[in-house]
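In: Show me how the following folds:
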Amino acid sequence: MRKQIAAANWKMNLTLQQAETLIDELVKIPHDVNENQLAIFGVPFPYLTAIQTKLAGKKNVFVAAQNCYNKKSGAYTGEVSAEMLKSIGIGYVILGHSERREYFNESNSMLAEKVNICLETGLVPIFCCGEPLTIREAGTQNSFVEAQLKESLFHLTAEQLTGFIIAYEPIWAIGTGKTATSEQAQEIQSYIRSVFAGQYGNDVADSISILYGGSVKAANAKEIFGKPDVDGGLVGGASLVASEFAAIINSLK
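Out: Reported below is the predicted structural model:
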């Protein structure tokens, strides 16, 4: 059975003091993470160790980096390597978020390099894909997302993709207040699973957790997560409110 995941992406928000207060508030709110579920907190680089310490001992709760560089080491001032993250006990990293693609020109080939380095280092990628509004309006979102997946992931083996995590982001719904309907989310996430099934077989495809990321909040999480091919969410703004994210965790299957 594939994992059901509530992943927070704090982006470039909160001071350290605010971040620690948020975690303190969250752990006081009743929320259950069972054996088949994960809660993952994607926090800014400076807070990784502090938040990891705050969450120490919490079962099935982990901290993720929001990015890493596509080189192992070297003269890349300001960048953070997968090995650095691994050395401080981080196990997950968000790769290919739409904001990284748009603002920092991250290509599918660069993301393939990042995926390789993470897997070699023992980090679990949370790989993001998704289409902008122009592609959605043209009705070509399936082929657009399929190309992202093929160009960044299809060099991997079936073993490497077993249990992988994908986060589908309709870019037009990120931070806009717009949300794909649960039917729209199910439609494309089912298609994503079929793309993996076509290349790697049903067993691998059925093991991949596919998250929805696009204005998920407490009010709509249960409906979205209830769809058969939606295995949780990558949550932005709502993850900055303790009560909201606790309710989203409780909405997992």
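In: contacting residues around stretch 128-145?
Out: Counting by CB atoms under 8 Å, 6 or more residues apart in numbering, stretch 128-145 makes contact with 94-98, 148-149, 166-172, 188, 191-192, 213-214, 234, all of which sit outside it. In short, each C-beta sits where N, CA and C put it, glycine included.
In: and those, which of them are in strands?
Out: Members of the contacts of stretch 128-145 lying in strands (criterion: DSSP state E): 94, 95, 166, 167, 168, 234.
In: Turn those into TSV, columns for distance to residue 223 and neighbour count.
Out: Output for the ones in strands among the contacts of stretch 128-145, formatted as TSV (distance: CB to CB, whole Å; neighbours: other CB atoms under 10 Å):
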residue	distance to residue 223	neighbour count
94	24	24
95	28	27
166	20	25
167	18	29
168	16	28
234	17	27
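In: And those, which is closest to residue 27?
Out: Nearest to residue 27 among those is residue 234, at 21.0 Å by CB to CB.
In: so that closest one bridges to which residues?
Out: residue 7 (DSSP bridges).
In: What lies in contact with stretch 35-48?
Out: 1, 3-14, 16, 19, 23, 31, 33, 51, 55, 60-66, 80, 85, 88, 90, 92, 94, 126, 232, 234, 239, 249, 252-253.
In: So which of those are in helices?
Out: Counting by DSSP state H, the part of the contacts of stretch 35-48 found in helices is 16, 19, 23, 51, 85, 249.
In: Tell me how many other residues crowd the last one.
Out: Burial measure for residue 249: 27 neighbouring residues, criterion other CB atoms under 10 Å.
In: Excluding sequence neighbours, find me the nearest residue to residue 76.
Out: Using CB to CB, 6 or more residues apart in numbering and skipping the chain neighbours, the partner closest in space to residue 76 is residue 69 (5.9 Å).
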